[in-house]
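Build the 3D model from these lines:
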Amino acid sequence: MITALRTPDAAFADIPDFDYPVHYADDLPGYEGLRAAWVDAGPADAPRTFLCLHGEPSWSFLYRRMIPPFLASGARVVAPDLFGFGRSDKPVEQSIYTFDFHREYLLRLVERLDLANITLVVQDWGGLIGLTLPVDIGFAARLLRLIVMNTGLGLGESPGPGFDAWKSYALNTPDLPVGKIIARGTPHLTPVEIAAYDAPFPGPEYKAGAQVFPALVPVSPDMPGVDLGRKAAAFWREQWQGDLHGGWGRRSGARGGTDGASRPADQWLRRSADHSRRRALRAGMGGTNRPRGACSLWGLMHYARAMPHRKDMT
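Numbers count the residues shown, from 1 in each chain. This is a model prediction of the structure:
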C-alpha cells in the first residue's frame, strides 16, 4: 500500500481560466488506491484527441491557454496530472517515483479512456516520458500527430552543470518554491497564476514528486529510461510518418536548465520541428515571430486553426 497525500479540493477553488471537467480514477491497473486526476473536455466521440502532458514542477494548468483553441477545432482534450502533481494523489516517499511509475500510469490511462487519433502534446518532463510512449505498440497505433515544446529524450548523457545544479537544489529543498521557480522562467505570470502553480502543494510534505523529478532524468547510461529513450529515438527517426510540430523558447531550460533533455535528442527533435514548421509556413499556416518563454509556440497547428499567436503558453 502506497502512502499518499491528496490535495484538498478547496486548494483549487480560485484557479483562474481553468474551468474544465475533472475526472478521477483510483483503480487503474497497477495503481489501485491512488487517485489519478485529469481534465477531459470536448466530445467523447471527437475525431481526434489532444493528449497534453505537463512537466516539472507544473500540472495540467499549464495548458489552460491551449485548451480553448484545441476545443474550438472540434477535438477532445485530455490533460492528465502526473502522480505527485496537480489534483492527482501525491505519494510521500520519493522512492515511489520512477521513470516507469509515471510512464506506465500514462499508458494505463490512455487504455482506460480508449483514446484514438491522438495528437500528443509534450513539454519538459511530459516529453521525456511522452516521447517514449510509442515504443508501446498499442500506443503507437493510437498516435496521429505530435506537438513538441522545449523537451527531448533521455539518452544517458548529462545536459551539463546547469542541470546538475537544478537537480541538487530540488533534492535538497524540501519546501520547493514551485510558483517562484516557474515564474523565474516566465516573468509575465500574474500573482494569481503563480499561486495556481503553488496550489497543488499546500505544504512541503506534498512535494516529494517535484523534488525527485529532476533526479529521474536519464543522464547516465545505466539509468532507467535510457533504453526506452533510445528505442523512442529510433521510432521517431525511422518509423514516424505523421505530422510533427515544434516550438522552443529562447529561455528554455531544456538544454541544461530546469529540464534534463539530452542534447542529441533535443537537437534532432528541433531539426524535425523546424522542418515541419517550414512546411506549415509555406502553406500559410504559421507565424514568423519566435516568442519567448518556456512553452512558446510558433503558430504550429493547421488542424487547430483557431490557435492564437501568443507570446507565451505558460
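
In terms of helices and strands, where is L106?
Using DSSP states H and E, the element containing L106 is helix 99-113.

just how off-centre is that helix within its chain?
13 Å (CA atoms, centre = their mean, to the nearest Å).

Name the residues of that helix that are buried.
99, 101-110, 113 (16 or more other CB atoms under 10 Å). Every C-beta, even on glycine, is put in place using the N, C-alpha and C of the backbone.

do the same with stretch 10-24
11-12, 15, 18, 20, 22.

show me where the stretch 1-150 of the chain has strands.
According to DSSP state E, counting those that start in this stretch, the stretch 1-150 of the chain carries its strands in the segments 4-5, 22-25, 36-41, 49-53, 76-81, 90-91, 118-123, 143-149.

In three-state terms, label E238 for me.
Using DSSP: H, G, I helix; E, B strand; the rest coil, the three-state assignment for E238 comes out as helix.

remind me which residues of the stretch 201-314 of the chain are low pLDDT?
Where the stretch 201-314 of the chain drops to pLDDT under 70, the residues are 247-314.

Show the contacting residues for the closest residue to R35 other than its chain neighbours.
Leaving aside its sequence neighbours, R35 sits nearest to D26 (CB to CB, 6 or more residues apart in numbering; 4.4 Å). For D26, the contact set (CB atoms under 8 Å, 6 or more residues apart in numbering) comprises 32-36.

just checking, what packs against the helix holding L106?
Other helices and strands packing on helix 99-113, by 3 or more CB pairs under 8 Å, 6 or more residues apart in numbering; DSSP states H and E, are strand 36-41, strand 76-81, helix 125-130, helix 137-140.

thinking in terms of the whole chain, how far from its middle is stretch 32-42?
Worked out by CA atoms, centre = their mean, stretch 32-42 lies 15 Å from the chain centre.

now what about that stretch, what contacts it?
Residues beyond stretch 32-42 that count as contacts (CB under 8 Å, 6+ apart) turn out to be 1-2, 4, 6, 20-26, 28, 60, 63, 67, 70-71, 74-81, 83, 86-89, 91, 105, 109, 113.

Please list only the buried members of the residues you listed.
4, 20, 22, 25, 28, 60, 63, 67, 70-71, 75-81, 83, 86-89, 91, 105, 109, 113.

which one of the helices and strands packed on helix 99-113 is the most hemmed in?
Highest mean neighbour count of these: helix 125-130, a mean of 29 (counted as mean count of other CB atoms under 10 Å).

contacting residues around that one?
Under the criterion CB under 8 Å, 6+ apart, residues 51-56, 82, 99, 102-103, 106, 120, 122, 148-154, 213, 217-218, 225, 229, 259-261 lie in contact with helix 125-130.

I'd like to know how far the residue nearest to R35 sits from R6.
As judged by CB to CB, to the nearest Å, D26 and R6 stand 10 Å apart.

Kindly report the same for G126.
Applying CB to CB to G126 and R6 gives a distance of 22 Å.

ditto for D40
19 Å.

go on, G74?
34 Å.

And for V78?
21 Å.

repeat for V219
If you go by CB to CB, the gap between V219 and R6 works out to 31 Å.

got it, and R48?
According to CB to CB, R48 stands 32 Å off from R6.
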